[in-house]
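Chemist: Fold the following for me, if possible:
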Amino acid sequence: MKEPKGIDQNEVWNNFILNGDLYALSNIYLHYYDLLFDYGQRHTSDKQLVEDTIQNVFINIIKFRKSISIVKNLNGYLISTFRRQLFLDLNKKKKTILTEQLPEEHFDYFKSPDQDVSDEENLGRLHLTIKQCIDKLTDKQQEIIFLRFEREISYEEIAETLNISVDSCYKSIHRAIKTVRSEAEKILEKRGNIFLCIWFRSAY
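Modeler: Take a look at the predicted model:
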């Protein structure tokens, strides 16, 4: 969701934290809901649980507002907070084991609440090729690639969200891109480098 021109979500957040302005928080909620919901759907197919988790995050934000400091990276803060809450809620429902490391089977890069990408007949050749390549990545690499390229989250924010160093984030993305390019060359031969250069144009 693109924010309206002239609205700085960090300023809106600071207004809530400093003044308890619930209207400001509702603006944050509406602005980030789609991003959080989409991200949650890539960890679990339980839509109701994802919705409940988003609600829990914002309820806790209201409850503990006075103990929350002003943040520099709101995207990273909300995604990180949501991610932790989601794993807590999943654990309560015994759908996964709570762990600091993401369970390998719980991140689907191409999972979407609005599209079943398993139906390959409805996908273009480019999408299919990229999917085949990304499927070769580890679950952690898929999550990092998704946050960086699909959600345009900074390396620093990704590192904070996944509790890894910025250097590890850079290296992971570099290895992932190298793997995807290698796999693409096997599938599309010389044409692989062309579309991947376009797809990863913001990699570095």
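
Chemist: In three-state terms, label Asp89 for me.
Modeler: helix (DSSP: H, G, I helix; E, B strand; the rest coil).

Chemist: just use 578 as the starting number from now, easier for me
Modeler: Sure thing, new numbering starts at 578, so read that last one as Asp666.

Chemist: show me the contacts for it.
Modeler: 626, 629-630, 633 (Cβ atoms under 8 Å, 6 or more residues apart in numbering). C-beta: built from backbone N, CA, C; applies to glycine.

Chemist: Might you report the residue contacts of Arg752?
Modeler: By Cβ under 8 Å, 6+ apart, Arg752 lies in contact with Gln718.

Chemist: Which positions in whichever helix or strand it is part of come out as buried?
Modeler: Assigning secondary structure by DSSP states H and E places Arg752 in helix 743-765. For helix 743-765, burial by neighbour count (16 or more other Cβ atoms under 10 Å) applies to 746, 749-750, 753-754, 756-758, 760-761, 765.

Chemist: Quick check: the nearest residue to Gly597 once chain neighbours are set aside vs Ala601, distance?
Modeler: Spatial nearest neighbour of Gly597, excluding adjacent residues (Cβ to Cβ, 6 or more residues apart in numbering): Arg642 at 6.2 Å. Per Cβ to Cβ, to the nearest Å, Arg642 is found 11 Å from Ala601.

Chemist: ok, the two, which is more surrounded?
Modeler: Ala601 (19 against 15; other Cβ atoms under 10 Å).

Chemist: Now that one: which helix or strand?
Modeler: Using DSSP H and E, Ala601 falls in helix 599-618.

Chemist: Off-centre distance for that helix?
Modeler: Taking Cα atoms, centre = their mean, to the nearest Å, one finds the center of helix 599-618 at 13 Å from the center of the full chain.

Chemist: Break the chain down into its domains, please.
Modeler: 586-669, 698-776 (automatic domain parsing).

Chemist: averaging pLDDT over each of these, which comes out lowest?
Modeler: Across the domains of the chain, domain 698-776 has the smallest mean pLDDT, namely a mean of 75.

Chemist: Where do the helices of the protein begin and end?
Modeler: Secondary structure of the chain by DSSP state H: the helices cover 586-596, 599-618, 624-640, 651-669, 702-711, 716-722, 732-739, 743-765, 768-776.

Chemist: Measure how the fourth one sits relative to helix 624-640, angle-wise.
Modeler: Helix 651-669 runs at 120 degrees relative to helix 624-640, counting by axes from the mean of the first three to the mean of the last three Cα atoms, to 10 degrees.
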